[in-house]
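S.K.: my questions are about this predicted structure, shown below with the sequence.
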Amino acid sequence: METLLFLFPQFNFLAPKEEAYFNMLGTERLQAPTMKDDTTRLKDKERKSRLSLFLTKSGSHENVSPHKKTNPTPNNIPTEAALKWSDSFEELLKHSDGVETFSQFLKTEFSEENMEFWLACEEYKTIDSETKLLSKAKYIYTVFIESEAPKEVNIDYSTKVIIQKNITHPTKSCFEAAQIKIFSLMRKDCYPRFLTSDIYLRLTKRRAPGANMFRRRSRSCVFNERGEATSSAW
């Protein structure tokens with residue numbers, strides 16, 4: 001399988017909050033994705049509640065509440081530039097405006113965690129310091145990967161287990177399998193809907209598929225002298 005890598009350092013939407021985050025959690029350990037008893041589940045909910053509150057205040061976890069209003073799509077994006085995004089999902093990701101607009105669309109579907117996770121992985125792969133790599137790996141795992149994480153992405157159990165084992169000694173590729181799965185999900189599932197969404201159609205000044213372009217001609221049925229039915233249009 002061909003590895004998909006897109007390094008866009010200009011997309012620094014997730015500000016580093018790892019140090020403050022882990023200071024807040026103290027000595028809590030990363031939890032493997034296993035079955036939990038009632039007491040553990042209660043502790044998890046309390047910890048997730050603290051995490052969500054922290055992320056909301058820090059600004060690194062947008063739209064925690066589904067009722068939070070999203071930022072409007074920029075109106076100064078040239079139509080020609082927006083039209084290029086329909087060439088491919090990869091082309092959209094090359095443009096910061098494209099990423100931002102697509103993220104706004106994902107918020108309308110309550111799935112913005114997919115793009116946030118993908119961007120976090122892109123930023124993670126640019127880190128050279130082993131200390132920062134470990135801190136960022138733990139942050140990504142806790143926010144996006146572990147069970148009941150505040151921004152848990154939709155990946156399979158086996159991939160979660162592998163990541164949980166690898167982040168004790170993280171490498172730049174330890175989230176690669178999960179990132180590819182989320183990339184594929186966005187490209188095959190979300191991206192086609194984005195291209196027919198009101199957000200994108202307004203930018204490109206297009207009409208929605210199936211919209212009536214012409215008034216349908218009405219037809220009336222009459223009978224000739226021999227009693228045969230004929231039709232006429234007007």
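M.R.: Perfect, thanks for sending it.

S.K.: neighbours around Glu109, how many?
M.R.: Taking other C-beta atoms under 10 Å as the neighbour definition, Glu109 ends up with a count of 13. The C-beta positions use only the backbone N, C-alpha and C, and glycine is treated the same way.

S.K.: thinking it is in contact with Cys190, fair?
M.R.: Yes - the pair Glu109 and Cys190 passes the contact test of C-beta atoms under 8 Å, sitting 7.0 Å apart.

S.K.: could I get the full set of helices for the chain?
M.R.: 18-25, 38-58, 79-84, 89-93, 96-108, 113-124, 130-140, 157-166, 176-185, 191-195, 198-204 (DSSP state H).

S.K.: only C-alpha atoms, please: export the fourth one in PDB.
M.R.: Coordinates of the C-alpha atoms in helix 89-93 are reproduced here as PDB (Å, rounded to 0.1, in the frame of the first residue of the first chain):
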ATOM      1  CA  PHE A  89      -9.200  15.700  -2.100                       C
ATOM      2  CA  GLU A  90      -5.400  16.000  -2.300                       C
ATOM      3  CA  GLU A  91      -5.700  19.200  -4.200                       C
ATOM      4  CA  LEU A  92      -8.000  20.600  -1.500                       C
ATOM      5  CA  LEU A  93      -5.500  19.800   1.200                       C
END
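
S.K.: thought Glu91 was touching Leu83?
M.R.: No - the pair Glu91 and Leu83 does not pass the contact test of C-beta under 8 Å, sitting 10.4 Å apart.

S.K.: by mean pLDDT, point me to the weakest helix or strand of this protein.
M.R.: Each helix and strand of the chain was given a mean pLDDT (mean pLDDT, DSSP states H and E); the minimum falls on strand 219-223 at a mean of 44.

S.K.: list the contacts of the residue nearest to Lys151 when sequence neighbours are not counted.
M.R.: Taking C-beta to C-beta, 6 or more residues apart in numbering as the measure, Lys151 lies nearest to Glu113, with 4.0 Å between them; neighbours along the chain are not counted. Applying C-beta atoms under 8 Å, 6 or more residues apart in numbering, one finds that Glu113 lies in contact with 144, 151-153.
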